[in-house]
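J.: Here you go, sequence then predicted model.
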Amino acid sequence: MPRNNIGKIYKEVPEVFKYDYGVLQSKLQALEALGLNQSAVRMFVLSCPKLLIANKSKEFVKVLEKFKIVGIKHNWIQGHLLEGISYNWIHMFELLSLLSSMDYSEQQLGKLICQHPDLLFEASGNIALLLIGCLLKFGFSKDEIHSLFLEFPQIQLKKFANNFRQCYHFLVETEMEPQEIGRIVRSHPILLGSCSLKKVNSLLTILNTGKKRLCDIIKENPQILKDWVVGSRVKRLPDSGEELRSQMLKTKFLVKLGFVENSNEMKRALKVFRGKGGELQERFDCFLKAGLSRKDVSEMIKGSPQVLNLSKDVIKMRIDFLLNELGYPLSALLSFPSYVCYTIERVKFRFSMYDWLKDQGIMKPKLALSTILSTSDNIFMKQYVNQHPEGPEVWMKLKKQFQLVKDC
């Protein structure tokens, strides 16, 4: 046996080299007694050196017995083991036991393993176990999983699992209703596992459409996903008139606020706005319900139109945080409307740092929101944090505590 292989065994099971004379030989002979030739024993031991330890070969023996029952020979197994890769026979046995509980006949199970050996040998069956667990969470019955594997496409299991996961996240990113996502996943699992899709934002740009229309298209015909895989040429969708209607609603809304039609001010606002025109009014109303006057909110929108890109729930939550957690008056929004564009995590981070610096006498109390939030990290560090010897350490600690995400 080459020295590097001996080194692998020593690294994983050093106790083997402390065996009394003849013990190691007896363990190798025990493996041969299972019907394995010397070449096979060498391959199996290298794939899992723990087979040389007492009570560690039990599942290995059970796997061989199961393979024998379904008509798979030792040399077939040996031919699918990769040198340098360690295998976990316990996990493999768990997978075989799970598959056996799905009422496969011996012939079906043997055929399934032979056609898709990576079910067992890819990460010692862990990827297959994770995929099955995911399917069960989506409400698949064992009978449905049984049928799925019988129809499993000629694609690497790892690739199938990655595609399945990415397609699920694709549907989530389109803002499709959870029950509709579940319906598509349960009715088209092989489709999702076979498609490596383009990014949602890229697809929206290419198709020249919005998320609602994209969702409607997918719900009507999930097979359309095959036309949107990476590397495919995607044609722009015909104009549905939705974009024009949305633009007209946005323009009408801005005119009501006092914008002059076709003015540079209106063009800038229209360019900034995201989402449908009909959503702007309900977002605008959130500020009115909070207690601001229509005139004040109109002026806010003229100066910072991006505040209406947030959903009404997010606007309500951030105003509530301003009033009840930070203790600022509602009027603070008039001088700094962009406050609502900062995530709660970033606000907590900056204010935690501000509170600490205030306690150290570095910063004054009740500073303007804009000073605390809008100052760049580099300038905030230079002007305030670095003024105290422990400042940088506290900054990094708080930064790790609050997982920051991008603001609007």
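T.: Perfect, thanks for sending it. Numbering: from 1, shown residues only.

J.: what stretches of this protein score poorly on pLDDT?
T.: 1-20, 23-24, 26, 32-33, 40, 52, 54-56, 239-244, 274-277, 403-408 (pLDDT under 70).

J.: center of it, which residue is that?
T.: The centre of the chain sits closest to His169, judged by C-alpha atoms, centre = their mean, with a distance of 6.5 Å.

J.: Doesn't that residue belong to a strand?
T.: No. Counting by DSSP: H, G, I helix; E, B strand; the rest coil, His169 falls outside a strand, being helix.

J.: That one and Glu299, how far apart?
T.: 40 Å (C-beta to C-beta, to the nearest Å). Placement of C-beta: from N, CA and C, glycine included.

J.: Ser97 too?
T.: Following C-beta to C-beta, the distance that separates Ser97 from Glu299 is 68 Å.

J.: Excluding chain neighbours, give the residue nearest to Arg165 in space.
T.: Cys134 (7.7 Å; C-beta to C-beta, 6 or more residues apart in numbering).

J.: My read is that that neighbour contacts Phe164, right?
T.: Yes. Contact criterion C-beta atoms under 8 Å: Cys134 and Phe164 qualify, at 7.3 Å.

J.: more crowded one of those two?
T.: Phe164 (21 against 16; other C-beta atoms under 10 Å).

J.: who's in contact with that one?
T.: 131, 134, 189, 192-193 (C-beta atoms under 8 Å, 6 or more residues apart in numbering).

J.: Just the buried positions in the helix or strand that contains His146, please.
T.: Per DSSP states H and E, His146 falls inside helix 142-150. Neighbour counts over helix 142-150 (16 or more other C-beta atoms under 10 Å) mark 145-146, 148-149 as buried.

J.: would you turn those into JSON lines with distance to Ile217?
T.: JSON lines is the format used below for the buried residues of helix 142-150 (distance: C-beta to C-beta, whole Å):
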{"residue": "Ile145", "distance to Ile217": "29"}
{"residue": "His146", "distance to Ile217": "32"}
{"residue": "Leu148", "distance to Ile217": "25"}
{"residue": "Phe149", "distance to Ile217": "30"}
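
J.: Compute the distance between Gln156 and Leu197, please.
T.: Applying C-beta to C-beta to Gln156 and Leu197 gives a distance of 17 Å.

J.: Who has more neighbours out of these two?
T.: Set side by side, Gln156 and Leu197 show more neighbours around Leu197, with 20 against 12, by other C-beta under 10 Å.

J.: Tell me what that one is bridged to.
T.: Val229 (DSSP bridges).

J.: hang on, Cys48 packs against Ile85?
T.: No. Contact between Cys48 and Ile85 fails when scored by C-beta under 8 Å: they sit 9.8 Å apart.

J.: For burial, what's the neighbour tally of Leu64?
T.: Residues near Leu64, counting by other C-beta under 10 Å: 20.

J.: How about it: what's its closest non-neighbour residue?
T.: Leu34 (6.0 Å).

J.: which SSE is that neighbour in?
T.: Going by DSSP H and E, Leu34 is not part of any helix or strand.

J.: That one: neighbouring residues, count only.
T.: Neighbour number of Leu34 under other C-beta under 10 Å is 16.

J.: burial count for Leu46?
T.: 21.

J.: pretty sure it is touching Ile85, no?
T.: No. Leu46 is not in contact with Ile85 according to C-beta under 8 Å; the separation is 9.2 Å.

J.: Could you pull out the helices in the stretch 201-350 of the chain for me?
T.: For the stretch 201-350 of the chain, the helices defined by DSSP state H, counting those that start in this stretch occupy 211-220, 242-256, 264-272, 279-290, 294-303, 312-324, 332-335, 344-359.

J.: Save those helices as a markdown table, and put in distance to Ser374 too.
T.: Shown next, in a markdown table, are the helices of the stretch 201-350 of the chain (distance: least, C-beta to C-beta, whole Å):
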| stretch | distance to Ser374 |
| --- | --- |
| helix 211-220 | 30 |
| helix 242-256 | 25 |
| helix 264-272 | 17 |
| helix 279-290 | 19 |
| helix 294-303 | 14 |
| helix 312-324 | 15 |
| helix 332-335 | 11 |
| helix 344-359 | 10 |
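
J.: can I get those helices in a markdown table with distance to Lys226 and mean neighbour count?
T.: Output for the helices of the stretch 201-350 of the chain, formatted as a markdown table (distance: least, C-beta to C-beta, whole Å; neighbours: other C-beta atoms under 10 Å):
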| stretch | distance to Lys226 | mean neighbour count |
| --- | --- | --- |
| helix 211-220 | 11 | 16 |
| helix 242-256 | 25 | 15 |
| helix 264-272 | 35 | 14 |
| helix 279-290 | 32 | 17 |
| helix 294-303 | 43 | 17 |
| helix 312-324 | 35 | 16 |
| helix 332-335 | 48 | 17 |
| helix 344-359 | 38 | 17 |
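
J.: Which one of these lies nearest to Gly125?
T.: helix 211-220 (32.4 Å; C-beta to C-beta).

J.: which strands and helices sit next to the closest one?
T.: For helix 211-220, the elements it packs on are helix 178-187, helix 200-207, judged by 3 or more C-beta pairs under 8 Å, 6 or more residues apart in numbering; DSSP states H and E.

J.: try it again with 7 Å
T.: helix 200-207 (3 or more C-beta pairs under 7 Å, 6 or more residues apart in numbering; DSSP states H and E).

J.: Now do the buried residues in the helix it packs on.
T.: Neighbour count says helix 200-207 has 200, 203-204, 207 buried, by 16+ other C-beta under 10 Å.

J.: and which of the residues you listed is nearest to Ile181?
T.: Nearest member of those to Ile181, counting by C-beta to C-beta, is Val200, at 13.4 Å.

J.: Got the phi and psi for the nearest residue to the closest one once chain neighbours are set aside?
T.: Residue nearest to Val200 in three dimensions, not counting chain neighbours: Glu173, with 4.4 Å by C-beta to C-beta, 6+ apart. Backbone torsions for Glu173, taken as degrees, to the nearest 10, come to phi -70, psi -20.

J.: How much space separates Glu173 from Leu191?
T.: From Glu173 to Leu191 the distance is 18 Å (C-beta to C-beta).

J.: the more surrounded of those two?
T.: Of the pair Glu173 and Leu191, Leu191 is the one with more neighbours under other C-beta under 10 Å, namely 18 against 14.
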